[in-house]
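Novice: Predicted coordinates and the sequence they were generated for:
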Amino acid sequence: MTAVPALSAPPAFSRVWNVVRLHMISKNTFIVIPWLILAGAMVVSLVIPLLLAFNGVAREDFEKGAVNSWAVLSPMWYLCAVAVLAIAQFFPFSLGFGVTRRDFYLGTSLVFVMSSIATGAVLATLGVIEKATDGWGLGARMYTALFFDQGSWGANFFLFTVIQLGILFVGAAIATIYMRWRMWGMLAFWLGSVVVIVVGLSAITFTDSWPRVGETLANLGIMGIFAWTLVPIALAGIAGFFILRRATPKN
């Protein structure tokens with residue numbers, strides 16, 4: 001009688017990678033749509049200086065305003081919704097295929113990290129090109145606007161990556177709260193957030209600590225501030241993991 005070999009479970013990383021592949025079934029969500037939004041914002045950013053130059057506006061005057069452009073962050077608002085939908089829609093769908101909550105969250109987190117790194121690399125590279133071409137030859141500022149001109153590719157890559165990581169992981173954590181406690185959980189979360197913000201701002205105001213806060217932020221600088229934001233991002237990721245382990249896909 002021939003012995004039947006025992007079937008072993010797939011390796012842990014294979015199960016996590018299957019979740020990544022599940023998210024990537026539709027390339028539109030994480031790849032096509034964000035870059036289409038960015039391309040549209042770039043077209044507008046290039047058309048505006050042309051129109052202003054046609055109407056006699058001095059290039060120097062336009063460049064002063066272009067520094068404050070938020071165009072490069074236009075895909076981030078969409079990605080906030082993507083983070084929520086990645087949990088709210090794919091979580092019940094994945095459980096139907098026998099995916100564990102742990103593997104689903106780790107796979108989703110891996111998608112977030114890879115997407116953020118890729119986005120950070122591309123945007124930082126476009127920033128280098130924009131600076132080298134003097135704003136694409138038009139004085140336009142998009143990838144080097146706001147605080148995204150830290151003097152090196154690596155620094156700008158870090159800033160872009162951290163921003164997208166924050167949006168994705170915080171959005172996902174909020175979605176796990178809904179999946180676990182539904183509407184009452186969301187009400188408690190938003191109410192608690194408002195209370196914490198109000199109490200914090202009031203404490204700073206009543207203790208005359210705004211100068212100290214401003215001095216601390218100035219000493220940290222942009223890079224330091226963004227480095228510290230990795231702490232709440234990591235906490236959001238950890239919280240989302242543990243909340244989702246007790247969540248249910250029921251409506």
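Specialist: Now that the structure is in, tell me what you want to look at.
Novice: which stretches of the stretch 101-250 of the chain have low pLDDT?
Specialist: 250 (pLDDT under 70).
Novice: which residues of this protein fall in helices?
Specialist: In the chain, the segments counted as helices under DSSP state H are 12-23, 27, 33-54, 59-66, 74-88, 90-95, 101-132, 153-206, 210-244.
Novice: Between these, which one is closest to Arg141.
Specialist: For the helices of the chain, the distance to Arg141 is smallest for helix 59-66, at 3.9 Å, taking C-beta to C-beta. All C-beta spots, glycine's among them, are computed from the backbone N, C-alpha and C.
Novice: Nearest to Gly139 among the helices of the chain would be which one?
Specialist: Here helix 59-66 is closest among the helices of the chain (C-beta to C-beta), at 4.8 Å.
Novice: List every C-alpha atom in the closest one, with coordinates, as CSV.
Specialist: Provided in CSV are the C-alpha atoms of helix 59-66 (Å, rounded to 0.1, in the frame of the first residue of the first chain):
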residue,chain,number,x,y,z
ARG,A,59,8.2,85.1,-14.5
GLU,A,60,9.7,86.2,-11.2
ASP,A,61,6.2,87.0,-9.8
PHE,A,62,4.9,83.6,-10.9
GLU,A,63,7.8,81.7,-9.4
LYS,A,64,7.1,83.3,-6.0
GLY,A,65,3.6,81.9,-6.0
ALA,A,66,4.5,78.5,-7.6
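Novice: For that helix, list every residue counted as buried.
Specialist: Neighbour-count burial for helix 59-66 flags Phe62, Glu63, Ala66 (criterion: 16 or more other C-beta atoms under 10 Å).
Novice: Turn the helices of the chain into CSV, columns for distance to Thr144.
Specialist: Below are the helices of the chain laid out as CSV (distance: least, C-beta to C-beta, whole Å):
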stretch, distance to Thr144
helix 12-23, 31
helix 27, 28
helix 33-54, 11
helix 59-66, 9
helix 74-88, 16
helix 90-95, 35
helix 101-132, 5
helix 153-206, 8
helix 210-244, 13
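Novice: Nearest to Met142, out of those helices?
Specialist: With C-beta to C-beta as the criterion, Met142 lies closest to helix 33-54 of the helices of the chain, at 4.5 Å.
Novice: Not counting sequence-adjacent ones, nearest residue to the residue nearest in space to the middle of the chain?
Specialist: Relative to the mean C-alpha position of the chain, the nearest C-alpha, by C-alpha atoms, centre = their mean, is the one of Gln164, at 2.2 Å. Excluding its sequence neighbours, the residue lying closest to Gln164 (C-beta to C-beta, 6 or more residues apart in numbering) is Ser116, at 4.0 Å.
Novice: Local confidence estimate at Asp61?
Specialist: Looking at Asp61, its pLDDT reads 69.
Novice: Could you do Gly96 as well?
Specialist: Listed pLDDT for Gly96 reads 80.
Novice: Thr248 contacts Met179, correct?
Specialist: Yes: here Thr248 reaches Met179: they are 7.3 Å apart, a contact under C-beta atoms under 8 Å.
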